[in-house]
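Structure for the following, please:
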Amino acid sequence: MIVLPRLAREPALQLLTSLPVLDLELLAAAMPDTGQSVTYTPVGGTRISESELSALREEIVTLAREHGMPSAIQNPSEFEGRAARSLRQRLDISPNEASHEEVWTYLTCCWLLDVAVWRFGSQADRRRFIGNINRNTFRRLWWRAEVLGPDIDLTQLGEDELVNIMERPTIAADLRLARGVAREFLSRVDRGAAESRMQLMREAMKRLLRLTPMVSFAALDHNELELMIEEIFNAAAAGLSGQPADPTGRHRALDASVQSWTRTSPQPSAGILRIPRVTIADVAFPPRPATYTVKDQDFDGAASKAIQIARTNGRVTNSNLREMAAITSGEARDVLQALVRDGALARRGVRRGTYYVLADAAAEESARS
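Predicted coordinates:
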């Protein structure tokens with residue numbers, strides 16, 4: 001792996017005030033600026049040569065001229081997509097090296113400042129020239145090529161669409177997830193299935209982010225992940241068109257994952273009570289409240305679950321009985337109160353802190369006190 005020189009922020013800011021940034025021709029003539037005091041990473045690596053940096057500058061400048069430099073930029077998405085590929089191919093640096101601000105400050109201010117000024121203007125936010133993580137002209141391009149990989153056509157993605165992937169750490173940090181999102185989105189655009197592509201991407205990302213606290217996307221296999229992303233985009237497209245999402249297709253990936261886990265998970269030892277498992281889908285998309293009454297259900301079954309929970313956990317509450325027995329809050333209350341009347345359970349706490357314990361345990365507790 002190669003390493004690049006590093007230019008600190010303060011010298012870079014001084015350099016920006018001394019160079020003729022208002023005149024692109026004069027600025028281009030001043031590039032490269034190899035007289036700055038720089039440092040390198042202390043952990044070693046092969047230092048990039050001046051000839052390699054010259055070749056990179058020549059390639060980026062040629063690309064910029066093809067897209068209008070020094071006049072107004074033409075087709076910025078195509079320019080940035082192609083520039084991102086060039087930067088990633090020419091700069092074979094590690095993600096750790098690419099994560100340092102000073103690396104991109106040096107590359108921008110000392111080798112490609114004229115291109116950065118042409119792209120964003122001389123009055124642009126200084127973060128376009130300093131190596132800011134999301135705003136630096138070239139740092140953001142290198143990371144797009146790194147995260148989305150060689151198979152995604154970056155020229156087909158707009159700035160807003162890329163930002164929706166790259167500036168959401170929970171998505172960009174998972175390469176499979178980020179690339180899967182980009183593939184699914186571009187596939188829909190190619191099929192003409194995205195009436196408003198910007199809105200589709202935004203809506204899909206909001207739905208995906210709502211799942212990230214509850215779904216470990218890294219734990220899904222390739223097919224499950226692709227299916228999950230497809231379902232998210234289906235729901236986003238349906239929402240934008242005012243149509244309800246297809247309830248029969250939701251969470252097929254999660255259901256398949258849970259079923260696979262159930263088939264391969266070890267069986268409990270003898271004497272261990274198995275508690276019904278609440279799936280991720282149940283938490284992320286809980287079922288609608290039941291409309292039936294306790295008289296319509298197996299009262300004995302719900303009562304048995306209440307006893308099992310109390311025996312296993314030491315206590316049972318209205319909430320966990322409701323979840324395990326798939327009954328309403330009122331039905332759970334009726335079951336628990338009936339068990340108290342029958343002497344099987346004893347009530348503890350008040351109001352929201354109410355819970356129930358086995359009557360035998362309550363008697364032992366009273367005897368000890």
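
after the least confident helix or strand in the chain by mean pLDDT, next one along is what?
The helix or strand of the chain with the poorest confidence is helix 280-284; it has a mean of 45 (mean pLDDT, DSSP states H and E). Using DSSP states H and E, the helix or strand that follows helix 280-284 in sequence is helix 299-313.

If you count neighbours, what's buried in that next one?
302, 303, 305, 306, 308, 309, 310 (16 or more other Cβ atoms under 10 Å). (C-beta placed from N, C-alpha, C; glycine too.)

for the protein, what spans make up the strands?
2-3, 46-47, 345-348, 355-358 (DSSP state E).

out of the ones you listed, nearest to residue 131?
strand 2-3 (14.6 Å; Cβ to Cβ).

so can I have JSON lines of the buried residues of helix 299-313 showing pLDDT?
Shown next, in JSON lines, are these (pLDDT from 0 to 100):
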{"residue": "302", "pLDDT": "84"}
{"residue": "303", "pLDDT": "86"}
{"residue": "305", "pLDDT": "87"}
{"residue": "306", "pLDDT": "89"}
{"residue": "308", "pLDDT": "87"}
{"residue": "309", "pLDDT": "88"}
{"residue": "310", "pLDDT": "87"}
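
Tabulate those residues in a markdown table, adding columns for distance to residue 31.
Formatted as a markdown table, the buried residues of helix 299-313 follow (distance: Cβ to Cβ, whole Å):
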| residue | distance to residue 31 |
| --- | --- |
| 302 | 76 |
| 303 | 80 |
| 305 | 74 |
| 306 | 76 |
| 308 | 74 |
| 309 | 71 |
| 310 | 75 |
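
Quick check: pLDDT value at the most centrally placed residue in the chain.
Nearest residue to the geometric centre of the chain (Cα atoms, centre = their mean): residue 171, 2.2 Å. Looking at residue 171, its pLDDT reads 94.

Residue 37 and residue 149, how far apart?
Distance of residue 37 to residue 149, given as Cβ to Cβ, to the nearest Å: 36 Å.

now swap in residue 338 and tell me
Distance from residue 338 to residue 149, by Cβ to Cβ: 60 Å.

Residue ranges in this protein under the pLDDT threshold?
194, 244-268, 273-298, 362-369 (pLDDT under 70).

Quickly list the domain ranges of it.
The chain breaks down into these domains under automatic domain parsing: 1-156, 163-263, 294-368.

In TSV: these, plus distance to residue 272.
TSV is the format used below for those (distance: least, Cβ to Cβ, whole Å):
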stretch	distance to residue 272
domain 1-156	44
domain 163-263	16
domain 294-368	9
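
what's the neighbour count on the closest residue in space to residue 137 that isn't next to it in sequence?
Computed as Cβ to Cβ, 6 or more residues apart in numbering, the closest residue to residue 137 that is not its neighbour in sequence is residue 116, at 4.1 Å. Residues lying near residue 116 (other Cβ atoms under 10 Å) number 24.

do residue 147 as well
Around residue 147 there are 20 residues (other Cβ under 10 Å).

For residue 336, which residues are in contact?
For residue 336, the contact set (Cβ atoms under 8 Å, 6 or more residues apart in numbering) comprises 306, 316, 318, 321, 345, 347, 356.

Please produce a PyMOL select command covering the buried subset of the residues you listed.
Selecting only the buried entries of the contacts of residue 336 in PyMOL, with 16+ other Cβ under 10 Å as the criterion:
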select buried, resi 306+316+318+321+345+356
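
Spatially, which two of the contacts of residue 336 are the most separated?
321 and 347 (13.4 Å).

Please name whichever of the domains of the chain is nearest to residue 270.
Here domain 294-368 is closest among the domains of the chain (Cβ to Cβ), at 15.6 Å.

Sounds good, over and out.
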